[in-house]
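Visitor: have a look at this fold, sequence not included:
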């Protein structure tokens, strides 16, 4: 048992889903040829002036409201000065003393327990460019397409206590960004990035330990792995009588370890000062309320509504509200078949299994919500059995047809004629005298055998409910 407690804070950079950059009209589209989405403003040419993209502000206010932050009536941009080849101006336009939003929180669940994680601040800034390293020669090239792409930085309080909590926080934050439609949260393309600040301290202590910042975290799994490694590294240092050095470290996913990049900078190293080319940003209450009115129902509220209105278990509601699109699919299906638990089971079971197997999102589902509702109606009406429904579902996904079309073409209509089923039951019982005798002596588990034989004889078409009723009656008769 370690004597130390981890203290973790995350700095998340989310690219905002605007068509143009934060201070100029250049495109933000990913994947263009190098240095084609640039202009004198984002390249920092002499004499140019930045002009703030209003949609960037709208989107950041949207995130602030979704995470219970206070929106500042007055904020301003600052210049963060440092020199690197991918930063053409020699400074980055960001926010420092007066960010747009502060003091929020989000709720996460760990092992069935709710945890509130505080947000220190949210602010806007521009992205830097990208260095492209030549695999064959010791040179790097600079692509400035990303320079000036709008970012929203979300800084958590040091409230996280494990790699698992950090992963849950990060996934929930990304889900909110996607839910309110301000970013795509794509970590592979760099539009959702995370730096982790990690320290440890003696359990019970309120004094923060020396922290290290870990960069180059491009997936949820790598975030968790890097934090676990760093906690173990710092623990080993302190137990050995050493001292943790404050520094920036990089995560090497191939080696599964962090390594030192540079000494950790402090705010004064960046020589922040207010940007003289940009006026202070004034946001009145009417602006905030306009954005608030445009917000969709947020995931926490929707999850609570699913539990209360549809009587779903918390776990089901959590899965169904993992994304706005999945929640919409579920409720659209309910409009055509209003049995929430049955719909939830099919969406979470067969549908998500299909999408995972084909690596598709819910928006790419080959079966629409209306068509799934049609399938469930056939089960409920007794037209097909639950077993046949699984086969129909697979056919729907492969052929793009409705359940009714497939059932009609294949002749899979369920047999509910009591007389026809009774005749098959009589045949099964006549062919299984030993099993009948054992059942009547108390081996009631043989009921499953008889049902299976009837279903086999009818090629799965017999109504299971009627089969069970007839079998129970026949087997209880005195002979």
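Guide: Ah, there it is. Small disclaimer: the values here were computed from a predicted structure and weren't measured.

Visitor: how much space between residue 204 and residue 3?
Guide: 10 Å (Cβ to Cβ, to the nearest Å). Where you see a C-beta, it was placed from the backbone N, CA and C, and this is true even at glycine.

Visitor: how about the helices of the stretch 151-300 of the chain, start to end?
Guide: For the stretch 151-300 of the chain, the helices defined by DSSP state H, counting those that start in this stretch occupy 163-179, 220-239, 285-294, 299-310.

Visitor: let me have those helices in CSV, adding mean neighbour count and mean pLDDT as columns.
Guide: Below are these laid out as CSV (neighbours: other Cβ atoms under 10 Å; pLDDT from 0 to 100):
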stretch, mean neighbour count, mean pLDDT
helix 163-179, 21, 94
helix 220-239, 19, 94
helix 285-294, 13, 96
helix 299-310, 16, 94
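
Visitor: would you turn those into CSV with distance to residue 141?
Guide: Formatted as CSV, the helices of the stretch 151-300 of the chain follow (distance: least, Cβ to Cβ, whole Å):
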stretch, distance to residue 141
helix 163-179, 30
helix 220-239, 25
helix 285-294, 40
helix 299-310, 41
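
Visitor: and residue 85, which of those helices is closest to it?
Guide: helix 220-239 (25.1 Å; Cβ to Cβ).

Visitor: any idea how far that closest one is from the middle of the chain?
Guide: Offset of helix 220-239 from its chain centre (Cα atoms, centre = their mean, to the nearest Å): 24 Å.

Visitor: which one of the helices of the stretch 151-300 of the chain lies closest to residue 61?
Guide: Distance to residue 61, taken as Cβ to Cβ, is lowest for helix 285-294 among these, at 4.6 Å.

Visitor: neighbours around residue 359, how many?
Guide: Residues lying near residue 359 (other Cβ atoms under 10 Å) number 7.

Visitor: so it is in which element?
Guide: Following DSSP states H and E, one finds residue 359 outside all helices and strands.

Visitor: just residue 475 next, same as before
Guide: Element membership of residue 475, judged by DSSP H and E, is helix 464-476.

Visitor: go through that helix and flag the buried ones.
Guide: Neighbour-count burial for helix 464-476, with 16 or more other Cβ atoms under 10 Å as criterion, is recorded at 464, 466-467, 470-471, 475.

Visitor: so for that helix, mean pLDDT?
Guide: Mean pLDDT, helix 464-476: 83.

Visitor: gap between it and the chain center?
Guide: Relative to the chain's own centre, helix 464-476 is displaced by 47 Å; criterion: Cα atoms, centre = their mean.

Visitor: can you tell me the SS state at residue 322?
Guide: On the three-state scheme (DSSP: H, G, I helix; E, B strand; the rest coil), residue 322 is labelled coil.

Visitor: right, and it touches residue 175 too?
Guide: Yes - Residue 322 is within contact range of residue 175, at 6.6 Å (criterion: Cβ atoms under 8 Å).

Visitor: greatest separation within the buried residues of helix 464-476: which pair is it?
Guide: The most widely separated members of the buried residues of helix 464-476 are 464 and 475, with 15.9 Å between them, by Cβ to Cβ.

Visitor: quick one: contacts for the residue positioned nearest the centre of the chain?
Guide: The structure's the chain has its C-alpha centroid closest to residue 175; by Cα atoms, centre = their mean the separation is 4.4 Å. Contact analysis of residue 175 by Cβ atoms under 8 Å, 6 or more residues apart in numbering lists 185, 299, 322-323.

Visitor: who wins for most neighbours among the residues you listed?
Guide: residue 299 (23 neighbours).

Visitor: mind checking how far it is from residue 437?
Guide: Taken as Cβ to Cβ, the span from residue 299 to residue 437 is 58 Å.

Visitor: same thing with residue 287?
Guide: Counting by Cβ to Cβ, the gap from residue 287 to residue 437 is 82 Å.

Visitor: how about residue 34?
Guide: On the measure of Cβ to Cβ, residue 34 and residue 437 end up 82 Å apart.

Visitor: what about residue 204 and residue 3, which has more around it?
Guide: residue 3 (12 against 7).

Visitor: is that one in contact with residue 203, as I believe?
Guide: Yes - applying Cβ under 8 Å, one finds residue 3 in contact with residue 203, separated by 6.1 Å.

Visitor: and the angle for the helix or strand where residue 62 lies with helix 163-179?
Guide: Residue 62 belongs to helix 54-66 when elements are defined using DSSP H and E. Interaxial angle, helix 54-66 versus helix 163-179 (axes from the mean of the first three to the mean of the last three Cα atoms, to 10 degrees): 130 degrees.

Visitor: give me the contact list for helix 54-66.
Guide: Contacts of helix 54-66 (Cβ under 8 Å, 6+ apart): 14, 16-18, 22, 69-71, 100-101, 104, 122-124, 150, 152, 154, 176-177, 179-180, 182-183, 281, 283, 287-288, 291-292, 294-295, 298.

Visitor: buried stuff in that helix?
Guide: Residues of helix 54-66 classed as buried: 55-66 (neighbour count, 16+ other Cβ under 10 Å).

Visitor: quick check: angle from that helix to helix 299-310?
Guide: 50 degrees.

Visitor: and helix 54-66, how far from the chain's centre?
Guide: The answer for helix 54-66 is 20 Å, by Cα atoms, centre = their mean.
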